[in-house]
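K.L.:
Using only what follows, build the 3D model:
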Amino acid sequence: MAANKASRVLQGRYPAPGTSPVADAIRARRGPRGITPLDAALLHVPPVAGGWNSLLGAVRSQGKLPGDVRELMILRVAAINRAAFEWIQHEKVGREDGLNNAQLYIVRDEATPLPPASGILSSLQTSALRFADA
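P.N.:
Numbering: from 1, shown residues only. Next comes the predicted model:
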């Protein structure tokens, strides 16, 4: 990076509101949470950040799955891939969408065969986990 140019995105120094249409779109989608570290990294290449924001916005808000099932599947993929960062980000969302400790334990433990819907997971949740595992 040239000496006269500073990084456009440094922690605590994200583009100010109104200075970047892409950052503003991310803020609008994220709400009070604001720009995340992932967003900040992507904002180094605004077209990539904009595309990622559009994709995640569609997955998060334009799909037909109930929020608990969507987050259950995202968390299962995070568990399978040992993606701790993804788990940390989505566990809170999953809880907000109704997942409880017992359900999250089952989602995280991908090594144990899935039980039938036995009062902890709904039949839809069990099917979603099986789909994520396939």
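
K.L.:
alpha carbons only for contacts and neighbour counts from here, please
P.N.:
OK.

K.L.:
buried ones in the helix or strand bottoming out on mean pLDDT in the chain?
P.N.:
Scoring the helices and strands of the chain by mean pLDDT, DSSP states H and E places helix 37-42 at the bottom, with a mean of 86. Judged by neighbour count (16 or more other C-alpha atoms under 10 Å), helix 37-42 contains these buried residues: D39, A40, L42.

K.L.:
export those to a markdown table and tack on distance to E91?
P.N.:
Shown next, in a markdown table, are the buried residues of helix 37-42 (distance: C-alpha to C-alpha, whole Å):
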| residue | distance to E91 |
| --- | --- |
| D39 | 18 |
| A40 | 21 |
| L42 | 22 |
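
K.L.:
Just the C-alpha atoms of stretch 26-38, please, in CSV.
P.N.:
Output in CSV follows, covering the C-alpha atoms of stretch 26-38 (Å, rounded to 0.1, in the frame of the first residue of the first chain):
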residue,chain,number,x,y,z
ILE,A,26,-24.5,-3.6,4.9
ARG,A,27,-25.5,-1.4,7.9
ALA,A,28,-29.1,-1.4,6.7
ARG,A,29,-29.2,-5.2,6.4
ARG,A,30,-27.3,-5.8,9.7
GLY,A,31,-29.3,-3.3,11.7
PRO,A,32,-28.1,-2.3,15.2
ARG,A,33,-25.3,-4.9,14.9
GLY,A,34,-23.6,-2.8,12.3
ILE,A,35,-20.5,-3.8,10.3
THR,A,36,-18.9,-7.0,11.4
PRO,A,37,-15.3,-8.0,11.1
LEU,A,38,-16.2,-10.1,8.0
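
K.L.:
if we look at it, which residues are touching it?
P.N.:
For stretch 26-38, the external contacting residues (C-alpha atoms under 8 Å, 6 or more residues apart in numbering) are Q11, Y14, A23, D39, G50, N53, G57.

K.L.:
Hmm, which of the residues you listed is lowest in pLDDT?
P.N.:
In terms of pLDDT, Q11 ranks lowest among the contacts of stretch 26-38, with 50.

K.L.:
Show me what counts as buried in the next helix or strand after the least confident helix or strand of the chain.
P.N.:
For helix 37-42, the following helix or strand on the C-terminal side (DSSP states H and E) is helix 46-61. Residues P46, A49, G50, N53 are the ones in helix 46-61 that count as buried (16+ other C-alpha under 10 Å).
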